[in-house]
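Trainee: Sequence first, then the predicted structure:
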Amino acid sequence: MDIAQLQAYGYFTLVLLLVVGLYGYIYHLYTKRKDADGIDYEKYSNMALHDDIDDTPVLSKSDDKEK
């Protein structure tokens, strides 16, 4: 077994670990959408696209303060 074959096995192993890590992270993001406060931040993802003055707000807030 020469150095080129060891490099090929190492490269394949590294790529495989990175792919598994990426899919694990994506799975984690989609299963844990809400943070500790219970806010779903996925609806904020379109704020950059829908930022005109006429667009509806992400969250509607009333002017009354909660007591």
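Mentor: Now that the structure is in, tell me what you want to look at. Keep in mind the model is a prediction, meaning the values are calculated, not measured.

Trainee: Backbone dihedrals for the residue positioned nearest the centre of the chain, please?
Mentor: Geometric centre of the chain, nearest residue: L29, 5.2 Å, by C-alpha atoms, centre = their mean. Backbone torsions of L29, given as degrees, to the nearest 10, read phi -60, psi -40.

Trainee: quick one: pLDDT of it?
Mentor: On pLDDT, L29 comes in at 80.

Trainee: which SS class is L59?
Mentor: Under DSSP: H, G, I helix; E, B strand; the rest coil, the three-state class of L59 is coil.

Trainee: H28 versus that one, what's the distance?
Mentor: Remark: distance between L59 and H28 (C-beta to C-beta, to the nearest Å) = 25 Å. (Glycine included, C-beta is placed from N, CA and C.)

Trainee: now swap in L18 and tell me
Mentor: Here L18 is placed at a distance of 15 Å from H28 (C-beta to C-beta).

Trainee: Tell me where the chain has strands.
Mentor: Using DSSP state E, the chain contains no strands.

Trainee: which residues in it form helices?
Mentor: 3-31 (DSSP state H).

Trainee: which sections of the chain are below the confidence cut-off?
Mentor: Within the chain, the ranges that satisfy pLDDT under 70 run 34-40, 65-67.

Trainee: ok, 80 please
Mentor: Regions of the chain meeting the criterion pLDDT under 80 cover residues 30-51, 56-67.

Trainee: mind checking how far M47 is from I26?
Mentor: From M47 across to I26, the span is 21 Å (C-beta to C-beta).

Trainee: Equivalent analysis for D2, please.
Mentor: For D2, the distance to I26 - C-beta to C-beta - is 37 Å.

Trainee: Tell me which of these two has more neighbours.
Mentor: Taking other C-beta atoms under 10 Å, D2 and I26 do not tie; I26 has more neighbours (10 against 6).

Trainee: Cheers, nothing more for now.
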